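Asks: Below are the sequence and a predicted model; questions follow.
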Amino acid sequence: MIPDLGKYAGAVAWSYVASLGLILGFVALSLWQARRMKQALDEVEKRQGKSDA
Amino acid sequence: MSIWEYANPKKFMQTSGLLLPWVTGLAVTAMLVGLIWGFFFTPDADRFGSTVKIIYLHVPAAMMSISAWTMMLVTSLIWLIRRHHVSALAAKAAAPIGLMFTVIGLVTGAIWGQPMWGTWWAWDPRLTAFLILALFYLGYIALWAAVENPDTAADLTSVLAIVGSVFAFLSRYAVLFWNQGLHQGASLSLDEKENVSDVYWLPLVVCIAGFVLLFVTLVLIRTRTEIRSRRMQALIARERLA
């Protein structure tokens, strides 16, 4: 199933590991920030009796 | 019905909330199909061996780093001309995403360059313009963080977006302006002689679609976060005044 990458296996593998790692890490960070901000805003709105934006 | 309706944060939140699951699903599907197709089911190239598989990451990331700045330029101009806050927040939200794509472009380029050119880096016009674009992204993000008043920050970063667009433009066309350097011409072209072979072209187009959709997904998520943050600051300020 894994293709034979020959003498460039290291370069190809590192490109994929580095890129996908960066993308997945960034997506996770964005989702975490979004969830944290929504929770914080919900708390403030609840305190003030406002509805969500 | 006008596009300017979406400048209303409430309308933007409603519409983006409906769109997000669909755009996210399409982004994940396109990226998985494109990358699996490119990595597992395309042959090695005569000149580049298996390193040709790096184009499925490098080319879409490089294209998106320029496109993200172009989007920031347009939204910044909308802010400067029409003073729509959602527009300025969308530009702010796009900058870290653009930086991520630029870093991927630079890293995959360096990893590809080492075996192919015999060096990780060269002061080639396109590479240098890309490095400067990455520095502009960093400067843009730092400027938003450094200025306390959000409207002043939006004004200053909008001007920076206009200045930086010169390097976004250069990083795309540097190969044509200066007929020198290591970097080859476009991988995708309307000219059949320049274009990559169909066997690589088709998965590459799917990967590009995946990266575009990923960008849209992340911009929507991060703009929603920025709008919520702005609303929370306003509510807290009102609470203090009361």
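Replies: Perfect, thanks for sending it.
Asks: Helices of chain B, residue ranges please.
Replies: B:9-40, B:55-82, B:85-117, B:125-146, B:150-177, B:198-241 (DSSP state H).
Asks: what about dumping the CA coordinates of the shortest one to PDB?
Replies: Output for helix B:125-146, consisting of C-alpha atoms alone and laid out as PDB, is shown next (Å, rounded to 0.1, in the frame of the first residue of the first chain):
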ATOM      1  CA  PRO B 125      13.800  36.200  -6.400                       C
ATOM      2  CA  ARG B 126      10.700  34.100  -5.700                       C
ATOM      3  CA  LEU B 127      12.000  32.500  -2.500                       C
ATOM      4  CA  THR B 128      13.200  35.900  -1.200                       C
ATOM      5  CA  ALA B 129       9.800  37.500  -2.000                       C
ATOM      6  CA  PHE B 130       8.100  34.700  -0.200                       C
ATOM      7  CA  LEU B 131      10.300  35.100   2.900                       C
ATOM      8  CA  ILE B 132       9.500  38.800   2.900                       C
ATOM      9  CA  LEU B 133       5.800  38.000   2.600                       C
ATOM     10  CA  ALA B 134       6.200  35.700   5.700                       C
ATOM     11  CA  LEU B 135       7.800  38.600   7.600                       C
ATOM     12  CA  PHE B 136       4.900  40.900   6.500                       C
ATOM     13  CA  TYR B 137       2.400  38.300   7.900                       C
ATOM     14  CA  LEU B 138       4.300  38.300  11.200                       C
ATOM     15  CA  GLY B 139       4.400  42.200  11.300                       C
ATOM     16  CA  TYR B 140       0.700  42.300  10.500                       C
ATOM     17  CA  ILE B 141      -0.200  40.000  13.400                       C
ATOM     18  CA  ALA B 142       2.200  41.800  15.700                       C
ATOM     19  CA  LEU B 143       0.600  45.200  14.800                       C
ATOM     20  CA  TRP B 144      -2.900  44.000  15.600                       C
ATOM     21  CA  ALA B 145      -1.600  42.700  19.000                       C
ATOM     22  CA  ALA B 146       0.400  45.900  19.800                       C
END
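Asks: So what angle separates the directions of that helix and helix B:198-241?
Replies: 20 degrees (axes from the mean of the first three to the mean of the last three C-alpha atoms, to 10 degrees).
Asks: for helix B:125-146, what is the average pLDDT?
Replies: Averaging pLDDT along helix B:125-146 yields 94.
Asks: Cool, thanks, signing off.
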